[in-house]
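Enquirer: Sequence plus the predicted model coming up.
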Amino acid sequence: MNGILLGVVVAALLVAAVARRFGLSSPLMLVVFGLIACQIPGVPDLELDPDLVLFVVLPPLLYSAALDSSYLALRSNLRPIGFLAVGLPLATTAAVGLVAYLIVPEFSVAAALVLGAIVAPPDAVSASAIGRRLGLPRRIMTLLGGESLLNDATALTAYKVALAAAVGTGATLASGFETFVVAALGGTAIGLAVGFVISKVRGKLRDPVMESAIGLVVPFFTYLAAEEIHASGVIAVVVAGLFLGQRSTRASYATRLQDTAVWKAVDLILESFVFLLIGLQLPSVVSGLQGYNTSMVVWASIAVLATVVVVRIAWVFPFTYLPRWLSPRIRAREPDVSVRSVFVVSWAGMRGVVSLAAAFAIPLTVNSGEEFPGRSLILFLTFVVVVGTLLLHGLSLPWVIRTLGVQGSEAQSDARAEAAAQDKAARAAAARLDELVGEQDGGVPAVRGRAADILRTWNTHRANSAWERLGRSDDDLGESPSAAFRALRLEMIDAERTVFIAERDGGRIDDEVLRKVLRELDLEEATLDRD
């Protein structure tokens, strides 16, 4: 089994590399590749292990997304994110449960609600990737990101309540509400506690490698700690990630550079693995359909998939505009929202591996010893929703965004704010330089004077560069003085790097020396290369 999982990881990375090379959607290509690969003779059946997803894959993905999220942006959009991350999963659970109960005779009310909770949470990984590539407005990206961070907690809590009722352990509306409150409050408390402690520990270490190593452990520890006290591991990981992401400005530059590289690599591996794993589940979910009426299965699949799609659209539009119409405070506080932007949000409802993991985690029997009602069909319908939404929304979302012309307009305001901040920072840097040079007793030494002149020139280049870019494209701008400076220095760095490598290859310097000087050049290049 270990060899098979390793093979899946390698294959996933190869497919993702090809997709990224040609600008294709990696999640879609991986799912399609998995669907095709599982039909090839000799490819072993691979049944998804829910613990692998819920305890190994989900925590680091949530944590990484939280680290990159803006706490301030999430707080300023808390109301719409709450409707998407809490209200929408509950509405989807109820609607899908009702449709499934009416169509599938084998389903009890509880079993139908289990299915509804399983397919309720969208996975915004692929939607966010498409949005970033096509330049969606920042507020839409914030809404999709905030939804993806928190909707799993809502849906998984609803899933636990419905599952308890289905297996006969007893569950009421009051107990369900109590479970949700405990999960939310407990998860928040655990996340804040872990984030605070880790922030203090990492602040004392001043060791970038150790700090990154600790960061890799944080999501797993946080998730398990929360689940042990029956709180929400999802909320705990998200809160810890938001807390530490907000505190990352206090870390050293080396820690930030290293953390960024580490988590990008982790995200790529895990996301590629899970999307390929989705496609490979086809044999497992189809094998359990023996004995079911084919016509009923087809109609149930169409009905559940359509319900998932329609409920999101029917929820997003009224809960975007009704609060604005009813509350002058909301109208004054929140920006106007176009119908085109709302439709893009309503169309970004792709489901992911969390739904499949929850479906596979359904026990085989209930407390009475009987088989769980319709477990095999729940697995199949979940697979249909996951693959169906990935293909439907994933293939059409880029076309929808381009056709509706939903593009971000933050570039100009961002450039203006950056230029103003850069100008203020440059003045502060120049003042500090003059202060340091003026502190020299007995006059400024020649070497200090020359260094100060060079630094003043460099500081002026940095201050001017942001204003030079403001409001103009590269074609309009041509080659500015600061751009020429960067281009020439980057070429110089490349020449230096070539010499150092040749010296190592010739045996004149050691690898340890090479790594040291290359790191210095890499850090300088990172400050010059704006891409």
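Expert: Perfect, I can see it now.
Enquirer: I'd like to know how far residue 522 sits from residue 494.
Expert: 12 Å (Cβ to Cβ, to the nearest Å). All C-beta spots, glycine's among them, are computed from the backbone N, C-alpha and C.
Enquirer: same question but for residue 46, I mixed them up
Expert: 45 Å.
Enquirer: Tell me which of those two has more neighbours.
Expert: residue 46 (19 against 11; other Cβ atoms under 10 Å).
Enquirer: just checking, that one is part of a helix?
Expert: No - using DSSP: H, G, I helix; E, B strand; the rest coil, the secondary structure at residue 46 is coil, not a helix.
Enquirer: In which helix or strand does residue 214 reside?
Expert: helix 208-228 (DSSP states H and E).
Enquirer: Check the average confidence over that helix, would you?
Expert: On average, the pLDDT along helix 208-228 is 94.
Enquirer: list the buried ones in that helix?
Expert: 208, 211-212, 215, 218-223, 225-227 (16 or more other Cβ atoms under 10 Å).
Enquirer: need these in JSON lines with distance to residue 150, can you?
Expert: JSON lines is the format used below for the buried residues of helix 208-228 (distance: Cβ to Cβ, whole Å):
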{"residue": "208", "distance to residue 150": "31"}
{"residue": "211", "distance to residue 150": "27"}
{"residue": "212", "distance to residue 150": "26"}
{"residue": "215", "distance to residue 150": "21"}
{"residue": "218", "distance to residue 150": "18"}
{"residue": "219", "distance to residue 150": "15"}
{"residue": "220", "distance to residue 150": "19"}
{"residue": "221", "distance to residue 150": "20"}
{"residue": "222", "distance to residue 150": "15"}
{"residue": "223", "distance to residue 150": "15"}
{"residue": "225", "distance to residue 150": "19"}
{"residue": "226", "distance to residue 150": "14"}
{"residue": "227", "distance to residue 150": "17"}
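Enquirer: Leaving out the residues flanking it, which one is nearest to the residue most central in space within the chain?
Expert: Centroid-nearest residue in the chain, with Cα atoms, centre = their mean: residue 65, separated by 3.9 Å. In space, and not counting its chain neighbours, residue 65 is closest to residue 149: 6.1 Å by Cβ to Cβ, 6 or more residues apart in numbering.
Enquirer: Point me to the helix or strand that includes that neighbour.
Expert: Using DSSP H and E, residue 149 falls in helix 138-167.
Enquirer: Now do the same for that helix: mean pLDDT, whole number.
Expert: Computed over helix 138-167, the average pLDDT equals 87.
Enquirer: Now the phi/psi pair for residue 371, please.
Expert: phi -70, psi 140 (degrees, to the nearest 10).
Enquirer: what about it, distance to residue 361?
Expert: Distance from residue 371 to residue 361, counting by Cβ to Cβ: 16 Å.
Enquirer: When those two are compared, which one has more neighbours?
Expert: residue 361 (17 against 12).
Enquirer: nearest residue to the more buried one other than its sequence neighbours?
Expert: Nearest non-adjacent residue to residue 361 (Cβ to Cβ, 6+ apart): residue 50, at 3.7 Å.
Enquirer: Run through the residues that contact that neighbour.
Expert: 357, 358, 360, 361 (Cβ atoms under 8 Å, 6 or more residues apart in numbering).
Enquirer: count of residues packed around the second one?
Expert: Counted by other Cβ under 10 Å, the residues lying close to residue 358 total 27.
Enquirer: just checking, it touches residue 158?
Expert: No - in this structure residue 358 lies outside contact range of residue 158 using Cβ atoms under 8 Å: 10.3 Å.
Enquirer: which residues are common contacts for these two?
Expert: Joint contacts of residue 358 and residue 158 (Cβ under 8 Å, 6+ apart) are residue 117.
Enquirer: angle of the helix or strand just after the helix holding residue 214 against helix 208-228?
Expert: Downstream of helix 208-228, the first helix or strand assigned by DSSP H and E is helix 233-247. Angle between the axes of helix 233-247 and helix 208-228 is 150 degrees (criterion: axes from the mean of the first three to the mean of the last three Cα atoms, to 10 degrees).
Enquirer: Helix 233-247 packs against which elements?
Expert: Where contact means 3 or more Cβ pairs under 8 Å, 6 or more residues apart in numbering; DSSP states H and E, helix 233-247 is packed against helix 58-68, helix 71-76, helix 138-167, helix 173-205, helix 208-228.
Enquirer: Give the buried residues for the longest one.
Expert: Applying a neighbour-count criterion of 16+ other Cβ under 10 Å, one finds 176, 179-180, 183-184, 186-191, 193-195, 198-199, 202 buried in helix 173-205.
Enquirer: With the second one instead?
Expert: Neighbour counts over helix 71-76 (16+ other Cβ under 10 Å) mark 73, 74 as buried.
Enquirer: What is that helix packed up against?
Expert: Packed next to helix 71-76, using 3+ Cβ pairs under 8 Å, 6+ apart, are helix 138-167, helix 233-247.
Enquirer: Of those helices, flag the one that's most buried.
Expert: Highest mean neighbour count of the helices and strands packed on helix 71-76: helix 233-247, a mean of 26 (counted as mean count of other Cβ atoms under 10 Å).
Enquirer: what's downstream of that one, the next helix or strand?
Expert: helix 253-279.
Enquirer: for that following helix, which positions count as buried?
Expert: 254-255, 257-259, 263, 266-279.
Enquirer: model confidence over stretch 312-330, on average?
Expert: 92.
Enquirer: Apologies, that question was intended for stretch 347-362.
Expert: Per-residue pLDDT over stretch 347-362 has a mean of 89.
Enquirer: Can you give me the end-to-end span of it?
Expert: 29 Å (Cα to Cα, to the nearest Å).
Enquirer: what angle do the helix holding residue 149 and helix 233-247 make?
Expert: Using the same axes, to 10 degrees: helix 138-167 against helix 233-247 is 160 degrees.
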